[in-house]
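> just need the structure, nothing else, for what follows:
(2 chains)
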There are 2 protein chains.
Amino acid sequence: MPQCDSASTVLTAYADVPAPVRGQVRDLRIRWALQEIDRDYRVDLLDVFKPRPDSYKAWQPFGQVPAFDDGQHQLFESGAILLYLGEQDARLLPVDPAARWQAITWLFAALNSVEPFVAQIAMLDLFQAGKPWAAEARPSAVKLLTARLVDLQTALGERDCLAGSFSIADILMVTVLRILDHTPILQDYPALAAYKARGENRPAFRRAHAEQLESYASPAN
Amino acid sequence: MPQCDSASTVLTAYADVPAPVRGQVRDLRIRWALQEIDRDYRVDLLDVFKPRPDSYKAWQPFGQVPAFDDGQHQLFESGAILLYLGEQDARLLPVDPAARWQAITWLFAALNSVEPFVAQIAMLDLFQAGKPWAAEARPSAVKLLTARLVDLQTALGERDCLAGSFSIADILMVTVLRILDHTPILQDYPALAAYKARGENRPAFRRAHAEQLESYASPAN
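So this is what the prediction gives:
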């Protein structure tokens, strides 16, 4: 198993999180990438419920996970870490310039043209649930998201992956689409649902997902 | 002036936009970068109020601006385009690996750890204004944003730029902070306000900003 206590590549994750966000925390993206390239890694666990110490904020200024350190560079932001790993291994990012820039463009598109609209639904449903305005705000949020999903499904077309072959763009987009798992929204987009399922069926995803869930201190509900 | 009708580098922008978003549309980020490196560019103008043709969606799947084409690569996403330009010119992205990855990390941080919280305020104030729930949702949104701005100001510290010298990370972060210009929020963060002002005072920013405003068909209010 790539997760290994003596590894020189370190990433941070949470020691425990509430049930609705298990399998969703962004260290999953980096675990998945590292599993794809069989790179050993060590996980430093943080308490999500306690303020982060200044020493951690010097590494990850917003106190979030994942942060990453391979002895060469200290990085944060899942997109930046994926790009960094991609530059080291063609299984994550094609070397051919046209395919490389297509993958990088889709990496940013997943983060900036799709995730904000997906995350807004999760924010309303999971984090602001019960506030009266959250229910009123939801139809507008769904309408904005729907436009993005229609365009994304059209852009994906008949392709298996966003940029020729599997890449960091797919790791990001699949993990973004998974944020909707608490809703039936993706059922209306069969090509996107199938794309997400292809990602989730990759052995590296399954290992990464299992390792993230196993790392949590308390048993799942 | 770098904007030049015979240039081989093309980006897209809107022919006109409502007053509150003038000076905010994301083609500004690319114009600024191109002005920093004195690269000639041509602007293809789109009607923001009309559906985008399929030919444009084949280039920019979500129908937004900016899209970019230099004859070598067709790209979209302001983050991807800035990274692409940065790889071509050390004035935008340092070559030294440590500084390069610091800048790339901050590029992603501007897009993913700051912009979503800033954009939420603009969404509530400008695009959902008048809806009863928008006013109720605002305190939560301000609280989330405040946490990010506190952390960002701490991380910036005494530095002039996010990654040693001026880079694409600053182009992104300054244009993200400008989205708050319709509010007094940044007055509570003097180091961030000064950082934003330093960016806006760069000659390349001023030229880019003036060119964007001049390109709009109707007079400003």
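> could you use CA atoms for every contact and neighbour count after this?
OK.
> check which helix or strand whatever residue of chain A ends up closest to chain B maps to.
In chain A, the residue that lies nearest chain B is residue A:133 (4.9 Å; Cα to the nearest Cα). Using DSSP states H and E, residue A:133 sits within helix A:132-156.
> all strands for chain A, in order.
Secondary structure of chain A (DSSP state E): strands at A:10-14, A:42-46, A:67-69, A:74-76.
> now the angle from the second one to strand A:10-14?
I take that to be strand A:42-46. 30 degrees (axes from the mean of the first three to the mean of the last three Cα atoms, to 10 degrees).
> which of the strands of chain A sits closest to residue A:185?
For the strands of chain A, proximity to residue A:185 was assessed by Cα to Cα; strand A:10-14 is nearest, at 27.9 Å.
> buried residues in that closest one?
Across strand A:10-14, burial judged by 16 or more other Cα atoms under 10 Å in any protein chain shown covers A:10-14.
> I'd like those residues as a markdown table, with pLDDT and distance to residue B:104 appended.
Shown next, in a markdown table, are the buried residues of strand A:10-14 (pLDDT from 0 to 100; distance: Cα to Cα, whole Å):
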| residue | pLDDT | distance to residue B:104 |
| --- | --- | --- |
| A:10 | 97 | 19 |
| A:11 | 97 | 18 |
| A:12 | 97 | 19 |
| A:13 | 97 | 21 |
| A:14 | 96 | 24 |
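> got a markdown table for those, with distance to chain B too?
A markdown table is the format used below for those (distance: Cα to the nearest Cα, whole Å):
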| residue | distance to chain B |
| --- | --- |
| A:10 | 17 |
| A:11 | 15 |
| A:12 | 16 |
| A:13 | 17 |
| A:14 | 18 |
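> circling back to that earlier point, contacts only, for the residue of chain A closest to chain B.
Applying Cα atoms under 8 Å, 6 or more residues apart in numbering or on different chains, we find residue A:133 in contact with B:133-134, B:136-137.
> tell me the spacing between it and residue A:20.
With distances taken as Cα to Cα, to the nearest Å, residue A:133 is found 21 Å from residue A:20.
> excluding its backbone neighbours, what's nearest residue A:98?
Distances taken as Cα to Cα, 6 or more residues apart in numbering or on different chains put residue B:73 closest to residue A:98, at 6.7 Å, once the chain neighbours are dropped.
> for the record, mean pLDDT for stretch A:104-117?
The average pLDDT within stretch A:104-117 is 98.
> what's the answer for stretch A:149-162, then?
Across stretch A:149-162, pLDDT averages out at 97.
> before we move on, what about stretch A:34-46?
Rounded mean pLDDT across stretch A:34-46 is 97.
> what's the span of it from first residue to last?
Start-to-end, stretch A:34-46 (Cα to Cα) is 20 Å.
> around chain B, which positions in chain A sit nearby?
A:58, A:61-62, A:73, A:75-77, A:79-81, A:98, A:101-102, A:104-105, A:108-109, A:111-113, A:116, A:133-134, A:136-137, A:148, A:151-152, A:154-155 (Cα under 8 Å from any Cα of the partner chain).
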